[in-house]
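Participant: When you get a sec, could you give me coordinates for this:
(chains A and B)
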Amino acid sequence: MKTKSSNFFAIILDNLIWLLVLAALVIFSSLSPAFRTPNNLLATLYRSAYLGILVIGQAFAMMSGNFDLSSESGLALTAMVGGLFLATTQNGGLGYEVAPGVAILIMIAVGLLIGLVNGFLITKMRMNNLIVTIAMQMILRGLVYIISPGATASFFPKGFTWLGGGNLFKIPMGKGFLGIPAAAIFIILAFIAAHIIIKYTQFGRNIMAVGSNPVAAKDAGIETDKVIRRVYLISGFCMAIGGLLIAGRLDSATPRVGAGLIFPVQAAAVIGGVSLFGGRGTMIGAFGGLLLWSILDSGLSIMQVSPFWIEASRGLLLLFAIGLDAIKVKGMHRKALEETLATSQIGLQDTNVVIE
Amino acid sequence: MNTQDTNSTQSPILVMTNVSKAFPGVQALRSVNLCVLPGEIHGLVGKNGAGKSTLMAVLMGITDPNEGQIEIGGKTFSTMNSREAIDAGIAYVPQHVAMMDSLTVAENILAGELPKNKLGFINWKKVNQEAEERLKQLNLQLDVTKKVEGLGVAEQTMLAISKALFGNARLIILDEPTASLSRADINRLFNFVKSLKDKGVAFVYISHHLEEVFEICDRVTVMRDGRVVDTCEVKDIDVPQLIMMMVGEGVEDYTRDSTCTDEIVFVLNKLTRRGYYEDISLEIKKGEVIGITGLQGCGAEQLGKGLFGLEYRGIGEIKINGKEFTAKKPIDSFNEGLAYLPQDRYRFGLVGVRPVKENVTYPILKRLTRLINLINRNEEKIIVDEYIKGLEIITPNQEQPVRLLSGGNQQKVVFAKLASTKPNVLILHEPTQGVDVRAKMDIFRIIDELAKQGVATVVISTEIRELIGICDRILVMNNGRLTHEYKKGAKDTTPKNILAAIEGGKQNHE
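Facilitator: Residues are numbered from 1 along each chain as shown, chains lettered A, B, ... in the order given. Model prediction:
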């Protein structure tokens, strides 16, 4: 019984992110010739690929009504573990110099282990997801420093750095080449895969159900704890891939990598319309959030805006996004209250009438 | 309408005039008039969905009326917010009062205005003194140093009323205050309320225990289908008249022909969960509909949840179609042929923000998934369409979030979900709660249709009239035991007898 106008309003609100992305592209392109080169646009995406993969993990968690704040440290730890196994002793490694494939498998194993522990503590021990993952963030960051050689592990084999730093192919263009970075294409594919999982699989349906009403989900036969555990496994997997991307791009693993990254991760997901209250949002929207975040970053720095203003503008964007979410939820609560009243249950159940 | 027939010399504390309120699909209030005088206890009765709670929500400023005006103590509002309602002297005391449980009575009374000493610290001695003094003014004896969570329900209610009065409330809405009280507690509460009445405080008293309305109220307003049927002096009417006004004349009860066969489908043998239910033995046949009724807390609710696997089930033997039923989790229960409709669909039955389609297919998605776990969306659409048509669910399309459907249609979506699992045994907990009369009929038809297909159905409900209409047998549960059985069509199967059996249990209990 929605009215037409509220329907229209809802559609605009739901797709607002893409309007904003478009607006940002148009504005920066018209203001700065350097911004609108294909190279820069691709590089923008390429540089934020590792951020994007964490956004995917976070979006999974948020859609299921949880948070995973440990991902920035998880990314650092997996990158460092990979680095240690790959690099030569002179370059800060342990000297194993394993094959790239083996290193990647080890990293994924570490990421999954993190997710496993998170999921176990949250579902089996009934610990609060926010606190568990904050604690995990600290523990993992500590671990990175503990295992690191005190400095950087660097100079990795080509096979390892290709996904994070390599080019898929090069298109000859005028004076030089336009490289298509593997990471840029990869992150697009990753978002598509995540979108398919959320939208078209039973698992995705279950995530949304658990996120919006865990009790009803349970009554509908969904094993809510299992869903949440799997979500954390996915998040852990994303950390490992994020570690691979960033270590590949920098061709090194530093203990500090990714520190503070969780804020942009959260911000991008929320800006993209993934609700903090679970059960709402799309992966495509989250991708839009990532794009907007990166475009703003890249655009403002190309235009040589002071980094302090960039930081402030990020905050404003986040406030704006969260304000939108709050408006949506407020409208929803109002509606829910009205509906509860409309079909109220308080009061008399007529056959309970006690006749003396 | 005789809103102001007596005490016309006294100016009323509350006058609601022509208040109307529409929700999408429901006209909840139609030109309602209500007048409450100072020092009056005004009963408000009506069936489920008659509009009582919407009216109170309007009065408390929770929802805005579409039309009409509200006059409180001389001030007139066309709309108001909660703050204005409280400032105007309206207070609401629900059945389960929400207070700061882990704080003391005194802290609760003086919250926000705790007396401080010179250093700015709280002067606890004074806090307790002052709280005691205030309670003394109302002749209420409570240990002010006790924590609120340690008080009984009646005391908490009285404390909530007192607190409202300290906040200068003049009209107090009591919503089902006696629902979980013993007779002794009811007496104490009533004495307290009457003593306040003598001091000029006005009450709106909402209750389904009509004899209490006659015991304590001065006047009573009866609502039905969003209208005020009448406002009467209590001394002028009796219980049957009141019921007649509430139910309306010529309301016919639904009945169905038995579809019970001889084949036994569902067997419970000495199912026991200590503290909840004991020694439950039952045999339900194919196509049979049985009802289980009893007081709140009699154990029927836990029995339903336990069977479905939402709670610990206890020990005992359960068989469906001769096979041992061992499901530990809801999804296994679905797979082993047992489906359950929870009581409160908003909280348990439906994932409100998700579409109709998804809500129907959660339990059967596994069957609908094809390679690498992708859902076969065509097949899903066809199945959902079938149920939308079959159960006459009114929705613009499958993608509509369920919370935007009307109550009856939401309940039908839950039924569709259960039916899609093709159950052998169906357990329904208050299936008609909060749906309108037409939707109720639809739901009865759905139950009948499923029974015809051979589903063995257990209806756990307090709506005795409805149970008599749909059930082949009605079992009464008292303190976790099945104590009485009433067969369809038997002479003794009357609401009065069944109520007596339920009430009888209560008396034994006390």
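Participant: can you give me phi and psi for the residue lying closest to B:Lys319 once chain neighbours are set aside?
Facilitator: In this structure, B:Lys319 finds its nearest non-sequential neighbour in B:Val267, 4.3 Å apart by C-beta to C-beta, 6 or more residues apart in numbering or on different chains. Backbone N, C-alpha and C define where each C-beta goes, glycine included. Here is the backbone geometry of B:Val267 (degrees, to the nearest 10): phi -120, psi 130.
Participant: repeat for the one 10 residues further on
Facilitator: Note on B:Tyr277: its backbone torsions stand at phi -150, psi 150 [degrees, to the nearest 10].
Participant: now it, which residues is it bridged with?
Facilitator: B:Arg273 (DSSP bridges).
Participant: my read: it touches B:Gly314, true?
Facilitator: Yes - B:Tyr277 is in contact with B:Gly314 according to C-beta atoms under 8 Å; the separation is 7.2 Å.
Participant: quick one: which of the two has more around it?
Facilitator: B:Tyr277 (23 against 19; other C-beta atoms under 10 Å in any protein chain shown).
Participant: Which helix or strand contains residue 162?
Facilitator: Chain wasn't specified; assuming chain A. helix A:158-165 (DSSP states H and E).
Participant: please go with chain B instead
Facilitator: helix B:153-166.
Participant: angle of the helix or strand following that helix against helix B:153-166?
Facilitator: Per DSSP H and E, the first helix or strand lying C-terminal to helix B:153-166 is strand B:171-175. Between strand B:171-175 and helix B:153-166, the angle comes out at 160 degrees (axes from the mean of the first three to the mean of the last three C-alpha atoms, to 10 degrees).
Participant: Contacts made by strand B:171-175 with the rest, please.
Facilitator: With contacts defined as C-beta atoms under 8 Å, 6 or more residues apart in numbering or on different chains, strand B:171-175 is touched by A:346-347, B:13-14, B:36, B:56, B:59-60, B:72, B:89-95, B:157, B:161, B:164-165, B:193, B:201-207.
Participant: and those residues, which of them are in strands?
Facilitator: B:14, B:36, B:72, B:90-93, B:202-206 (DSSP state E).
Participant: out of those, who's nearest B:Gly43?
Facilitator: For these, the closest approach to B:Gly43 (C-beta to C-beta) belongs to B:Tyr205, at 5.1 Å.
Participant: so where do the helices sit in chain A?
Facilitator: A:4-31, A:38-47, A:49-63, A:71-86, A:100-119, A:129-147, A:158-165, A:182-200, A:202-212, A:214-219, A:224-250, A:262-271, A:283-302, A:307-342 (DSSP state H).
Participant: Which of those helices has the lowest mean pLDDT?
Facilitator: Per-stretch mean pLDDT for those is lowest at helix A:307-342 (a mean of 78).
Participant: So among the contacts of strand B:171-175, which ones count as buried?
Facilitator: Buried members of the contacts of strand B:171-175, scored by 16 or more other C-beta atoms under 10 Å in any protein chain shown, are A:346-347, B:13-14, B:36, B:56, B:59-60, B:72, B:89-93, B:95, B:157, B:161, B:164-165, B:193, B:201-207.
Participant: if we can go back for a sec, find me the pLDDT at the residue nearest to B:Lys319, would you?
Facilitator: Value listed for B:Val267 in the pLDDT field: 95.
Participant: Please name the bridge partners of it.
Facilitator: Beta-bridge pairing for B:Val267 (DSSP bridges): B:Glu283, B:Lys319.
Participant: Report the secondary structure state of B:Val19.
Facilitator: Under the three-state scheme (DSSP: H, G, I helix; E, B strand; the rest coil), B:Val19 adopts strand.
Participant: Which residue comes closest to it once chain neighbours are left out?
Facilitator: B:Val19 sits nearest to B:Gly68 (C-beta to C-beta, 6+ apart), 3.5 Å away.
Participant: Could you check which helix or strand contains that neighbour?
Facilitator: Short version, using DSSP H and E: B:Gly68 is in strand B:67-72.
Participant: Give me the helices and strands touching that strand, please.
Facilitator: Secondary-structure packing of strand B:67-72 (3 or more C-beta pairs under 8 Å, 6 or more residues apart in numbering or on different chains; DSSP states H and E): strand B:14-23, strand B:26-36, strand B:75-77.
Participant: Out of these, which one sits most buried?
Facilitator: Stretch with highest mean neighbour count among the helices and strands packed on strand B:67-72: strand B:26-36 (a mean of 21; mean count of other C-beta atoms under 10 Å in any protein chain shown).
Participant: chain center to the helix or strand just after that strand: distance?
Facilitator: As assigned by DSSP H and E, the chain's next helix or strand after strand B:26-36 is strand B:41-46. Remark: strand B:41-46 is offset 17 Å from the chain centroid, using C-alpha atoms, centre = their mean, to the nearest Å.
Participant: Let me know the angle separating strand B:41-46 from strand B:171-175.
Facilitator: Angular relation of strand B:41-46 and strand B:171-175 on a 0 to 180 degree scale: 40 degrees, by the same axes, to 10 degrees.
Participant: residues contacting the residue positioned nearest the centre of chain A?
Facilitator: Residue closest to the average C-alpha location in chain A (C-alpha atoms, centre = their mean): A:Val55, at 0.9 Å. Applying C-beta under 8 Å, 6+ apart to A:Val55 gives the contacts A:265, A:268-269, A:272, A:286-287, A:289-290.
Participant: And B:Leu44, by the same measure?
Facilitator: Applying C-beta under 8 Å, 6+ apart, the residues near B:Leu44 are B:34, B:52, B:55-56, B:204-206, B:220-221, B:223.
Participant: do you know how far the residue nearest to the spatial centre of chain B is from chain A?
Facilitator: Central residue of chain B (C-alpha atoms, centre = their mean): B:Gln433, 7.5 Å from the mean position. Using C-beta to the nearest C-beta, to the nearest Å, B:Gln433 is found at 6 Å from chain A.
Participant: would that residue count as being in a strand?
Facilitator: No - counting by three-state DSSP, B:Gln433 is not found in a strand; it is coil.
Participant: Test my guess that it contacts B:Leu341.
Facilitator: No - look at B:Gln433 against B:Leu341 with C-beta under 8 Å: they stay out of range, at 10.2 Å.
Participant: Is A:Ser73 in contact with A:Ile134, as I believe?
Facilitator: No - A:Ser73 lies out of contact with A:Ile134 (C-beta under 8 Å); the separation is 10.1 Å.
Participant: out of these two, which sits in the more crowded spot?
Facilitator: Neighbours per residue (other C-beta under 10 Å) separate A:Ser73 from A:Ile134, with A:Ser73 holding more: 26 against 15.
Participant: In contact with that one, which residues?
Facilitator: A:136-141, A:144, A:258.
Participant: Not counting its neighbours along the chain, what's nearest it?
Facilitator: The shortest distance from A:Ser73 to any non-neighbouring residue, by C-beta to C-beta, 6+ apart, is to A:Leu140 (3.5 Å).
Participant: can you check B:Glu466 too?
Facilitator: B:Thr432 (6.1 Å).
Participant: Likewise for A:Gly279?
Facilitator: Closest residue to A:Gly279 apart from its sequence neighbours, by C-beta to C-beta, 6+ apart: A:Ser212 at 2.6 Å.
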